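Student: Give me coordinates for this.
(chains A and B)
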Amino acid sequence: MLARLATQRLLEIRQAFRQIPQTSRSLSTALNYHLDSPDNNPDLPWEFTDANKAKVKEIISHYPSNYKQSAVIPLLDLAQQQHGGWLPVSAMNAVAKVIEVAPIRVYEVATFYSMFNRSKVGKYHLLVCGTTPCMIRGSREIEDALLKHLGVKRNEVTKDGMFSVGEMECMGCCVNAPMITVADYSNGSEGYTYNYYEDATPERVVEIVELLRRGEKPPRGTQNPKRINCGPEGGNTTLFGEPKAPPCRDLDAC
Amino acid sequence: MGLGLLASRALRSSRIFTSPVSRNAIVRTIVSTPELQNPEASAAAQSPPEDLPIRTPVAGARVEFTNPDDAIEVFVDGYPVKIPKGMTVLQACELAGVDIPRFCYHSRLSIAGNCRMCLVEVEKSPKPVASCAMPALPGMKIKTDTPIAKKAREGVMEFLLMNHPLDCPICDQGGECDLQDQSMAFGSDRGRFTEMKRSVVDKNLGPLVKTVMTRCIQCTRCVRFATEVAGVQDLGMLGRGSGEEIGTYVEKLMTSELSGNVIDICPVGALTSKPFAFKARNWELKGTESIDVTDAVGSNIRIDSRGPEVMRILPRLNEDINEEWISDKTRFFYDGLKRQRLNDPMIRGADGRFKAVSWRDALAVVAEVIHQVKPEEIVGVAGQLSDAESMMALKDFLNKMGSNNIWCEGNGMHPNADLRSGYLLNNGISGLEKADVFLLVGTQPRVEAAMVNARIRKTVRETHAKVGYIGPPTDFNYDYQHLGTGPQTLTEIAEGRHPFYSALSNAKNPVIIVGAGIFERNDKDAIFSVVETIAKKGNIIRPDWNGLNVLLLNAAQAASLDLGLVPESEHSIESAKFVYLMGADDVSLEKVPSDAFVVYQGHHGDQSVYRANVILPAAAFTEKEGTYVNAEGCAQQTLPAVPTVGDARDDWKIIRALSEVAGVRLPYDTLGAIRNRIRTVAPNLLHMDERQPATFSALLKPESGNKTSSTPFGTAVENFYMTNSITRASKIMAQCTAMLLKK
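Tutor: Got it, this is the predicted structure:
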């Protein structure tokens, strides 16, 4: 009896290990350590543009002069916009220099946040929300459609350097799930936009990609023509009159 | 954390909970509101129950009340302890004699609070609290062995073991691993996780630290050590969630001179010693408490040996000298003890080759030659690793032969042996922590005495003390002002023309540290008199504060000056006919006449052996009992950890035997007798492990009439990793030199 139980348990364990290992669903675009490559190594010069230098000054002025390091996240964001959507190690070093900390302190921050891309992304970085509400409403299909249409894997850049697809966590658009975000790095930090495309369908996201490829700007927000922003399809179904005032709690009764 | 202690506590606590009629049961009720407790129980909790045994603080934890009003009382398992305000719950528990399991907490590092192993139950707190980060509040009732605390720790342990590889059999930390020990008390014998364990790429931190990053439990002790103590911000915590890992992000070696300490503070086997990898298990090793001789700090070390071989060197706790760190040189130079050793007495034949002979023959030859030369042509030089006993014997022997030209290398030709304050670190190493301004004159403490530098860094970090430095450009791991490169700047400060003068004179506890590299300069006396002028003007020497310090370079220097090893004439070596080198390898032998007879007594075939006529093999510091005085004037002893190599003998015994062959028998046959002799010369050398401060200040010295030269100060230590004959024979030190030194 005991032997049979043991065999059964062993089989179960074997079964668990026999499963095809899940492909890593890493949110980050790169490893947690840096490998030198021709377009990403500490010897490459990197500097903020003159226009951005003024912005850097402005950002740092928000913080007390002895807490310059507080500016690390906005500065990394600015550097990322300037550098076409990703942060080479020399850009992080430049940020470290500006805020006067050891480079490792900047690397720590940049590796922590998945919004900082440490490997190349496309001019249009498409981020598919993969959190539960969007997933239930079909974000996996949207991602598959995008990947199939562009012929890339996740976090890979298309050959023309135009697009890349990544996954992100909830952006708070659950009411219009599923949604994708398009980070537009085609015009540097001045023309940088970060737009949501909600109520997406596999067909619509492919259309959006094609519009972007032609240089057009598809209207952001819900892609369902029958909805206005977060409103229900076909207009309001409730809350027609003035809302009633909330009943006051009788505090003395508590 | 002792495994036995934990296990016994686990047993004890389980006994309490299994027996329902435990006498402590009332005290240990888990009720959040005190009103609900019956009055007897709360009264019982106020005073220590009679049956509780008196507990001794863990690991000698002490408490100092700077202000008695700040004392608060907390109860640890019903046992009241008085602690100063601001202490954490964990520290209070330690004082009460309860060892709290922990991984991330380290008393010398900042608090991270991220391992959660130190969870304890606090009355009225809804959840277990992390004791390392929780400040103790008055009247807090801390419970460390309740089911809640135990369950919380068991949960934490299960999570820690989730991604930890179970490779203890091939792990070098096995047997001295915190995780292993604590999992014996809080771990389960089976896991509930069926997922794959994560794996992490190993990092290359250089030739000293081996990394197996998969074993890492992200306690961040190494990151905090590198940032706070070592002062090299290379390590960091990268990534997030289950992908979190310790690393440098870019390929970078750990170039700190204290990097070996991360091996000790790592609670698991993620960072282990590369030279010691797979060499031995820690339970096979015999520990010998000894003293480091690679620099003048005299760090307290434990020599772990197996049979005749030194396997590794670990630090010992000494709050006044090295705290619990040691430098990489101290930790890793031991492999030099196995190479290039001299194991037989040898005589250089007519063909220029050495021939091994018996002790009798070798001593006879030396005794014969020493009688053939004039007494003033005899010169003795003690090496930088010599112990006080052998230097005493050498001095006595050569004095009996009529010569008084004996000195210790590194002291220069005019050592100031009259006033002890003229060559000691008068503040003491721990005393440097009280300083608020440092002036470093011609010294690079980072390479000359890494532990003193760590102390200065600690002070600078804690109190933002100002550091001014005069000397060649060099690396510091704290903020400093480079004031100049030569004695000119010093003169400017003395005359009050330099901006740093005001900083120095306005300081409460100013410290001047003069490097011993200056001893070799011709204008040494003039420089010292300028420094003394600064000390006088800046009120640096007061009855309660002697801030004028000298930082010595070598382990033997302080003892040699205490014993009065001062050469009689300056140019003795140029007219020498008989040179007795006792382990002296850094003395320049080019000036020795070619017809001089050179005897080398030492343990390593290093630079001086090329010139020697006779070699007398001696014991290294790991093989003998010897007294060393460190830079602050604290006499300490080495103890033999391993047997001597081949036919080698203790240094003083060789000289004692030689004196007999030469017909001038020295009157001591035992170490005790030779120490009695030392008592008549320098009694301070017999007060072991006790700092003997200098009695008279250096200001008593008459001012020197000499002028300072304009030559800039030099660097005393060119290569941190190779400063003496043992380190020069070490392969690990050679690797460090090749990989870590900045070109």
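Student: okay, how far is it across stretch B:278-287, tip to tip?
Tutor: Distance between the boundary residues of stretch B:278-287 (Cα to Cα, to the nearest Å) amounts to 18 Å.
Student: Break chain B down into its structural domains.
Tutor: In the domain annotation for chain B, the residue ranges read B:3-151, B:168-319, B:346-407+B:578-691, B:425-551 (automatic domain parsing).
Student: what is the mean pLDDT for the third one?
Tutor: This points to domain B:346-407+B:578-691. Domain B:346-407+B:578-691 carries an average pLDDT of 93.
Student: Measure how buried whatever residue of chain A ends up closest to chain B is and give me the count.
Tutor: Taking Cβ to the nearest Cβ as the measure, chain A has A:Ala102 as its residue closest to chain B, at 3.3 Å. Every residue, glycine included, has its C-beta placed from N, CA and C. Neighbour count for A:Ala102, taken as other Cβ atoms under 10 Å in any protein chain shown: 16.
Student: same deal with B:Arg316?
Tutor: Neighbours of B:Arg316 (other Cβ under 10 Å): 17.
Student: just A:Ala96 next, same as before
Tutor: Other residues near A:Ala96 come to 21 when the count uses other Cβ under 10 Å.
Student: pLDDT weak spots in the stretch 151-254 of chain A?
Tutor: A:251, A:253-254 (pLDDT under 70).
Student: about what we covered before: wait, the residue of chain A closest to chain B sits on B:Gln233?
Tutor: Yes: counting by Cβ atoms under 8 Å, B:Gln233 is a contact partner of A:Ala102 at 3.3 Å.
Student: what's around the residue nearest to B:Thr220 when sequence neighbours are not counted, how many residues?
Tutor: Spatial nearest neighbour of B:Thr220, excluding adjacent residues (Cβ to Cβ, 6 or more residues apart in numbering or on different chains): B:Ala112 at 5.2 Å. Residues lying near B:Ala112 (other Cβ under 10 Å) number 20.
Student: and B:Ala112, what is it in contact with?
Tutor: B:Cys104, B:Tyr105, B:Cys219, B:Thr220, B:Arg221, B:Arg224 (Cβ atoms under 8 Å, 6 or more residues apart in numbering or on different chains).
Student: Looking at the residues you listed, spot the one nearest chain A.
Tutor: Relative to chain A, the closest of the contacts of B:Ala112 is B:Thr220; by Cβ to the nearest Cβ it sits at 10.7 Å.
Student: Could you report the pLDDT at the residue nearest to B:Thr220?
Tutor: For B:Ala112, pLDDT reads 93.
Student: I'd like to know how far it sits from B:Arg224.
Tutor: According to Cβ to Cβ, to the nearest Å, B:Ala112 stands 7 Å off from B:Arg224.
Student: Look up phi and psi at the residue nearest to A:Asn176 when sequence neighbours are not counted.
Tutor: In this structure, A:Asn176 finds its nearest non-sequential neighbour in A:Glu198, 3.4 Å apart by Cβ to Cβ, 6+ apart. The main-chain torsion angles of A:Glu198 are listed as degrees, to the nearest 10 and equal phi -100, psi 170.
Student: What residues are bridge-paired with A:Glu198?
Tutor: Counting by DSSP bridges, A:Glu198 is bridged to A:Thr222.
Student: dump the residue contacts of it.
Tutor: So A:Glu198 contacts A:Cys173, A:Asn176, A:Ala177, A:Pro178, A:Met179, A:Gly221, A:Thr222, A:Gln223 (Cβ under 8 Å, 6+ apart).
Student: Any idea how far apart the tips of stretch B:561-575 sit?
Tutor: End-to-end distance for stretch B:561-575, by Cα to Cα: 24 Å.
Student: any idea how far it is from the chain center?
Tutor: Distance, stretch centre to chain centre, for stretch B:561-575: 31 Å (Cα atoms, centre = their mean, to the nearest Å).
Student: Same check on stretch B:608-621?
Tutor: Stretch B:608-621 has its C-alpha centroid displaced from the chain centroid by 28 Å (Cα atoms, centre = their mean).
Student: same question, stretch B:473-492
Tutor: Offset of stretch B:473-492 from its chain centre (Cα atoms, centre = their mean): 26 Å.
Student: tell me the mean pLDDT for it?
Tutor: On average, stretch B:473-492 scores 92.
Student: in the stretch 1-150 of chain B, which spans are helices?
Tutor: Along the stretch 1-150 of chain B, counting by DSSP state H, counting those that start in this stretch, helices occupy B:3-18, B:39-46, B:89-95, B:147-162.
Student: The ones you listed: lowest mean pLDDT?
Tutor: helix B:39-46 - the lowest mean pLDDT of the helices of the stretch 1-150 of chain B, at a mean of 41.
Student: Quick one: residues contacting the residue of the stretch 151-300 of chain B found nearest chain A.
Tutor: For the stretch 151-300 of chain B and chain A, the shortest gap (Cβ to the nearest Cβ) falls at B:Gln233, measuring 3.3 Å. Contact analysis of B:Gln233 by Cβ under 8 Å, 6+ apart lists A:Val101, A:Ala102, A:Ile104, A:Arg105, B:Ala226, B:Thr227.
Student: Quick one, which of the contacts of B:Ala112 are buried?
Tutor: Burial by neighbour count, 16 or more other Cβ atoms under 10 Å in any protein chain shown: within these this picks out B:Cys104, B:Tyr105, B:Cys219, B:Thr220, B:Arg221, B:Arg224.
Student: which one among these gets closest to B:Asp396?
Tutor: B:Arg221 (50.1 Å; Cβ to Cβ).
Student: Wait, that closest one touches B:Ser110, no?
Tutor: No: in this structure, B:Arg221 is not within contact of B:Ser110 by Cβ under 8 Å, at 10.2 Å.
Student: Could you count how many residues lie near residue 194?
Tutor: Since no chain was named, I'll use chain A. 15.
Student: ah, no, chain B please
Tutor: Neighbours of B:Thr194 (other Cβ under 10 Å): 11.
Student: quick one: which helix or strand includes it?
Tutor: For B:Thr194, there is no host helix or strand (DSSP states H and E).
Student: any idea how far B:Ser390 is from it?
Tutor: B:Thr194 is 65 Å from B:Ser390, by Cβ to Cβ.
Student: Would you mind confirming that B:Ser430 is in contact with B:Glu319?
Tutor: Yes: at 6.5 Å, B:Ser430 counts as touching B:Glu319 under the criterion of Cβ under 8 Å.
Student: who's in contact with residue 234?
Tutor: Unless you meant another one, I'm taking chain A. Taking Cβ under 8 Å, 6+ apart as the contact definition, A:Gly234 lies against A:Lys226.
Student: if you could check chain B rather than the one you did, that'd help
Tutor: A:Ala102, A:Ile104, B:Ala226, B:Thr248, B:Lys252, B:Met254, B:Thr255, B:Ser256.
Student: Just the buried residues out of the contacts of A:Glu198, in PyMOL syntax.
Tutor: To isolate the buried members of the contacts of A:Glu198 in PyMOL, using 16+ other Cβ under 10 Å:
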select buried, chain A and resi 173+176+177+178+179+221+222+223
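Student: still on that earlier bit, more neighbours: B:Ser430 and B:Glu319, which one.
Tutor: Set B:Ser430 next to B:Glu319 and count neighbours by other Cβ under 10 Å: B:Ser430 wins out with 16 against 10.
Student: okay, that one: pLDDT?
Tutor: According to the model, B:Ser430 carries a pLDDT of 92.
Student: Could you check how many residues crowd around the residue nearest to it when sequence neighbours are not counted?
Tutor: Distances taken as Cβ to Cβ, 6+ apart place B:Asp320 nearest to B:Ser430, at 4.6 Å, with adjacent residues excluded. Residues contacting B:Asp320 under the criterion other Cβ under 10 Å number 16.
Student: quick one, strands of the stretch 101-250 of chain B?
Tutor: B:119-122, B:129-130, B:141-143, B:209-211, B:236-238, B:245-247 (DSSP state E, counting those that start in this stretch).
Student: ranges for the helices of chain A?
Tutor: A:2-18, A:50-60, A:72-82, A:89-99, A:103-112, A:132-136, A:139-150, A:202-213 (DSSP state H).
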